[in-house]
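1. Okay, predicted coordinates and the sequence, questions at the end:
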Amino acid sequence: MSTPPLTVAQRLQRALLVLLSRLPTPLQRLLARPATNAAGDTMAPDVALLMKLGESGPDYSDLPPAEARATTERDLTLFASRIPACPVEHELETDEGVLLTRYSNGTPERGMLLFFHGGGFVIGSRASYTAPARMLAHGTGADVVSVEYRLAPEHPFPAAQDDALSAWRYVVERAASWGVDPHRIVLAGESAGGNIAAVLCQQVRGEAVQPMLQVLIQPVTDLVEHRPSQDEFAGSPALSAKQVAWFVENYVPAGTDVADPRVSPYRAASLDGLPPAIVNLAGFDPLHDDGLAYASALLAAGVPARVEREAGLVHGYLSYTAVSPSCRRATERLVASVAAALDHSTTTKAS
């Protein structure tokens, strides 16, 4: 899927942000005065400068959802790297009408990632997550299928989970025709997408075809318990407590039990038998402790889980790859980690 071209004003704004992100580190520190969190981590200076600039900007949670989407789509296009297109980029649709984009570099034997974008179940799209999808495809060699699940409040819970299951059935059924071993499908998602990936792993547990791995990037895992990181970073320009409340209000219908594992996968009666997990966290993210709690619960259930922590970064760093070298490097590390997991799987199978 192609990202829309930037306007002249957007190109100028982007150029300024890129210039600021390349200032000498001591000057960035002087301008931004990076915060230190309770764990003793210091925010990356280029990210701190970006957050300082964002503090005075408009808040999309003050807008109706449709307007918030338009605003954040423009911002995400501005902040994301321009990644070269894959040789194959096909638009697809499931029988239930869920739209997908398949990115392929012609090495389907590497496997496939079924990817769910972030955005609190209310904003975000395949288009605004084109950069990370292409980075995953180029960096892992695997095909990537990015899912356009329905958004709230027009389509509240459980619409996103229903669409995820539809996408899973679709790719499992067609994987072999694309040259992909259906047993080499990875479920991956960021933020709300991480929640969707975790829930989907639970929904298909015990079926003949299982995900080989779940990659949960700053995931939403529990709407029941309020953990310390939510208070520590309540004012984060990347994801504030006000914005979290707005997402929940739009996504979860009145009367819904938020302990339902399809809302809060951490609350599942059992996590036994789930796929191995990579849980990717950021040190200045209000969702940090929720992700860590889920990783700990997976380990307690005997599920191999590796926590990868980007200590100096904020929520949604995948979307800042053009305007933050630190976020770009962290995204590249994440891609390399997924590629290594695919390599390990191939080696284990061969032996």
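-> Now that the structure is in, tell me what you want to look at.

2. Tell me the buried residues in the stretch of helix or strand Trp168 belongs to?
-> Using DSSP states H and E, Trp168 sits in helix 159-174. Of the residues in helix 159-174, 159-172 count as buried by neighbour count, 16 or more other Cβ atoms under 10 Å. Yep, even glycine has a C-beta here, placed from its N, CA and C like the rest.

3. Tell me who's in contact with Val335.
-> 135-136, 139-140 (Cβ atoms under 8 Å, 6 or more residues apart in numbering).

4. circling back: ok, of the buried residues of helix 159-174, which one's closest to Leu31?
-> The nearest member of these to Leu31, counting by Cβ to Cβ, is Ala160 at 39.1 Å.

5. With adjacent residues omitted, what lies nearest to that closest one?
-> Tyr149 (4.5 Å; Cβ to Cβ, 6 or more residues apart in numbering).

6. Touching, the one you found and Asn195? I think so.
-> No: between Tyr149 and Asn195 there is no contact under Cβ atoms under 8 Å: 11.1 Å.

7. Compare these two (neighbour count), which wins?
-> Asn195 (33 against 27; other Cβ atoms under 10 Å).

8. Any figure for the gap between the more buried one and Leu17?
-> 29 Å (Cβ to Cβ, to the nearest Å).

9. Check which residues of stretch 218-231 are buried.
-> Buried residues in stretch 218-231 (16+ other Cβ under 10 Å): 218-223, 227, 229-230.

10. now do stretch 253-265
-> Neighbour count says stretch 253-265 has 260-265 buried, by 16+ other Cβ under 10 Å.

11. ok, of these, which one's closest to Val338?
-> Nearest member of these to Val338, counting by Cβ to Cβ, is Pro265, at 20.1 Å.

12. Run through the residues that contact that closest one.
-> 195, 198-199, 202, 221-222, 294.

13. out of those residues, which one sits closest to Thr107?
-> Ala198 (27.3 Å).

14. Number of residues surrounding that closest one?
-> So Ala198, with other Cβ under 10 Å, has 30 neighbours.

15. in what helix or strand does it lie?
-> Using DSSP H and E, Ala198 falls in helix 192-203.

16. After that helix, which helix or strand is next? Please name it.
-> strand 213-217.

17. mean confidence score for that following strand?
-> Mean per-residue pLDDT for strand 213-217: 98.

18. again with stretch 285-300
-> Averaged over stretch 285-300, pLDDT sits at 98.

19. Need the contact partners of it.
-> Residues outside stretch 285-300 that contact it (Cβ under 8 Å, 6+ apart): 191, 194, 198, 216, 218-222, 225, 227-230, 232-234, 236, 238-241, 244, 265-266, 271, 274, 277, 279-282, 305, 307, 313-315.

20. follow-up on the earlier one: which one of the buried residues of helix 159-174 is nearest Glu109?
-> So of these, ranked by how close each gets to Glu109 (Cβ to Cβ), first place is Val171, at 15.6 Å.

21. mind checking how far that closest one is from Ser177?
-> Taken as Cβ to Cβ, the span from Val171 to Ser177 is 11 Å.

22. repeat for Pro156
-> In terms of Cβ to Cβ, Pro156 sits 34 Å off from Ser177.

23. Report the contact partners of Asp260.
-> With Cβ under 8 Å, 6+ apart, Asp260 has these contacts: Arg267.

24. Look at Pro156 and Ser177 and report which has more neighbours.
-> Using other Cβ under 10 Å as the criterion, Pro156 and Ser177 rank with Pro156 on top: 18 against 8.
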